[in-house]
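Q: When you get a sec, could you give me coordinates for this:
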Amino acid sequence: MSAGSIERPWQRWAIRIGVFIAMLILVLPGAWVVLTAFRPNIEVLARPAVWIPQNLTLHNFLGIFGRLDTQQGLPVANYFINSMVISVTSTVVAIAVGMMGGYAFARYRFRGKAALFLGFMLSRTVPGVALSLPLFILWSRLGLIDTSVGLIIVYMAVNIPFTIWLTDGFFRQIPVDLSEAAQIDGCTRWQAFWKVEFPLARSGLASAAIFAFLTSWNEYALASQLTRTTASKTMPVGLMDFTAQFTVDWTGMSAMAVLIIVPALVLTFIVQKHLIAGLTFGGVKG
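A: Residues are numbered from 1 along each chain as shown. I've put the predicted structure just below:
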């Protein structure tokens, strides 16, 4: 190794400081939202700004649930149930269909395979906002506006191409010889998949599931156009209930945002082991 390629101590510290500053920039907005959720409104609106919280309170959370006499609550529980049902259902269906599609692309040869796979990938390049108007017109004619089923179908269509692409890569890393050996030992094609290939790809499927769930849980652009009432509104759309013509309830909105963040963080920590294993799957050769 040449002397010029040796990393000097000041270079290591420069990299560490740069990473720390980048992470601070990324984390700061989220930390500010969490702090705002626990601060009184008068402190948030104070001029000059109060950067260090003086008083922390749970009144903002009690207020959005209607537990205070001075503030009318919101149907937060309905929004949460809608978000959970829509996100979980669309994720389960997307993983089931995406797993089958990814396995087919990884294991079988058929006419038009490359073109079909490219079509799935190109569908991911279309921004959701561009789909809002045609979807609204189509869904209004089908009677799917302001329904959970309508949003589930949309999120399935959004997540399935990405899930197919992701699971295709995972199944390609699993040697075909393992499945063939299982079939020689007496397993059917389905048993070879379920008992041999599926357990090996489980970490990758967990990664695909968490990405699909977070996409559905956090999506706002399409949900805001396709929902109207508490029967189908999701948590991100419910944030707009804190805005009026001339004012914004920043503390209530921040409290609601914390309620949106917490389930995503909990789910990420639960599947953290599988998520890391899935993201690094195939990156190390045996």
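Q: How far does the host helix or strand of residue 32 sit from its chain's centre?
A: The secondary structure element spanning residue 32 is helix 9-37 (assigned by DSSP states H and E). Going by Cα atoms, centre = their mean, to the nearest Å, the spacing between the C-alpha centre of helix 9-37 and its chain's C-alpha centre is 22 Å.
Q: Next: stretch 108-117.
A: So, by Cα atoms, centre = their mean, the centroid of stretch 108-117 is 28 Å from its chain's centroid.
Q: Just the buried positions in that stretch, please.
A: If you call a residue buried by 16 or more other Cβ atoms under 10 Å, then stretch 108-117 has these buried ones: residue 117. Bear in mind the C-beta positions are built from the backbone N, C-alpha and C, glycine included.
Q: Give me the distance between the two termini of it.
A: Distance between the two ends of stretch 108-117: 13 Å, counting by Cα to Cα, to the nearest Å.
Q: related to what we said a few turns ago, downstream neighbour of the helix holding residue 32 in the secondary structure list?
A: The helix or strand immediately downstream of helix 9-37 is helix 41-44, counting by DSSP H and E.
Q: which helices and strands sit right next to that next one?
A: Helix 41-44 makes packing contacts with helix 250-270 when contacts are defined by 3 or more Cβ pairs under 8 Å, 6 or more residues apart in numbering; DSSP states H and E.
Q: helices and strands around the helix it packs on, which ones?
A: Judged by 3+ Cβ pairs under 8 Å, 6+ apart, the packing partners of helix 250-270 are helix 9-37, helix 41-44, helix 59-64, helix 76-107, helix 198-218, helix 235-238.
Q: Can you tell me which of those is nearest to residue 126?
A: helix 198-218 (14.2 Å; Cβ to Cβ).
Q: Spell out which residues make up each domain of the protein.
A: Domain assignment of the chain by automatic domain parsing yields the ranges 3-64, 76-279.
Q: Least confident of the ones you listed, on average?
A: Sorting the domains of the chain by mean pLDDT places domain 3-64 lowest, at a mean of 84.
Q: that older thread, so which of the domains of the chain is the most surrounded?
A: Per-residue neighbour counts averaged over each of the domains of the chain give the maximum for domain 76-279, namely a mean of 17 (mean count of other Cβ atoms under 10 Å).
Q: if we can go back for a sec, in TSV, list the helices and strands packed on helix 250-270 along with distance to residue 114.
A: Written out in TSV, the entries for those read as follows (distance: least, Cβ to Cβ, whole Å):
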stretch	distance to residue 114
helix 9-37	37
helix 41-44	54
helix 59-64	50
helix 76-107	10
helix 198-218	22
helix 235-238	36
